[in-house]
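[1] model the following, please.
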Amino acid sequence: MKTQILFYPFLILGLFLTACKNNSETTLASADQGNEPNCITFKVDGVPVKTSGWNISRFKIGEEINLNVTTNMHDDKRTVMLNLRGSAPGKYSLDEGASGKLSGYGDYKPDYTNLLESYRFVQGNFIIQSIDTAKCLLNATFFGKVEKGTDILSITDGKIVNGSIRKSIDTY
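    From the prediction side, this is the model:
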């Protein structure tokens, strides 16, 4: 009987610690999904990249306001840089040869310190889900194929959550 009385507190403590451990794993897993501000996640041939927006800015060429998105090479040396012809919600083509409104271009660098190692987007889309210029926030998704010579990589599951847009609009 005395053994059973001593056993129950340890059983309860073990269940409590297990529940806390499972809860912290769930919290970490949801954080890894990229739900914090200015978070950018994507996969390169299935390998996840989690970074932030180093430069998310609007710029004006002529009368059009365009958008630049560059991931933070200080968070992860694998970077994506995209320029879009427009800055309103919509689906922007990253296909090679795409031009006009709702198109864009960009590249992927496996190591930002080696600027000669650059893959260009030849296919894909960048979808602006929402852009709030008063709060300076961008939410978007992206995917595509990038190539360098005959080497082709897949960029998938790209997601920008509350990307911090620079307040000013650069004019060129």
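[2] and T150, how many neighbours?
    By other CB atoms under 10 Å, the residues close to T150 number 5. Any C-beta I mention is one placed from the backbone N, CA and C, and that applies to glycine too.
[3] tell me the mean pLDDT for stretch 50-64?
    Stretch 50-64 comes out with an average pLDDT of 95.
[4] ok, residues contacting stretch 82-93?
    Around stretch 82-93, the neighbours that count as contacts under CB atoms under 8 Å, 6 or more residues apart in numbering are 58, 64-70, 94, 99-106, 121, 124-131, 142.
[5] list the beta-bridge partners for the most centrally placed residue in the chain.
    Taking CA atoms, centre = their mean, the centroid of the chain lies closest to I40, which sits 2.2 Å from it. Note on I40: beta-bridge partners by DSSP bridges are T51, I160.
[6] against K50, how distant is it?
    8 Å (CB to CB, to the nearest Å).
[7] repeat for C136
    22 Å.
[8] over to P89?
    Distance check for P89 against K50: by CB to CB, it reads 24 Å.
[9] circling back to that earlier point, residues in contact with the residue nearest to the centre of the chain?
    So I40 contacts 34, 50-53, 69, 71-72, 80, 158-161, 163 (CB under 8 Å, 6+ apart).
[10] related to what we said a few turns ago, neighbour count winner among P89 and K50?
    Neighbour count, other CB under 10 Å: between P89 and K50, K50 has more, with 16 against 13.
[11] now that one: closest residue in space, sequence neighbours ignored.
    Excluding the flanking residues, the one nearest K50 by CB to CB, 6 or more residues apart in numbering is T41, at 5.1 Å.
[12] doesn't T156 make contact with that neighbour?
    No - using CB atoms under 8 Å as the test, T41 is too far from T156 to be in contact (10.5 Å).
[13] quick one, which of these two is more surrounded?
    It is T41, of T41 and T156, that has more neighbours when counted by other CB under 10 Å, with 19 against 16.
[14] ok now stretch 164-172, how far from the chain's centre?
    The chain centre lies 19 Å from the centre of stretch 164-172; the measure is CA atoms, centre = their mean, to the nearest Å.
[15] tell me the mean pLDDT for that stretch?
    Per-residue scores along stretch 164-172 average to 91.
[16] pull the CA atoms of it into PDB?
    Written as PDB, here are the backbone C-alpha positions of stretch 164-172 (Å, rounded to 0.1, in the frame of the first residue of the first chain):
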ATOM      1  CA  SER A 164       8.200  44.200 -43.500                       C
ATOM      2  CA  ILE A 165       8.000  46.600 -46.400                       C
ATOM      3  CA  ARG A 166      10.200  49.700 -46.300                       C
ATOM      4  CA  LYS A 167       8.100  52.800 -45.900                       C
ATOM      5  CA  SER A 168       9.600  54.900 -48.700                       C
ATOM      6  CA  ILE A 169       9.200  54.400 -52.500                       C
ATOM      7  CA  ASP A 170      12.500  54.600 -54.400                       C
ATOM      8  CA  THR A 171      12.300  56.300 -57.700                       C
ATOM      9  CA  TYR A 172      14.600  55.300 -60.600                       C
END
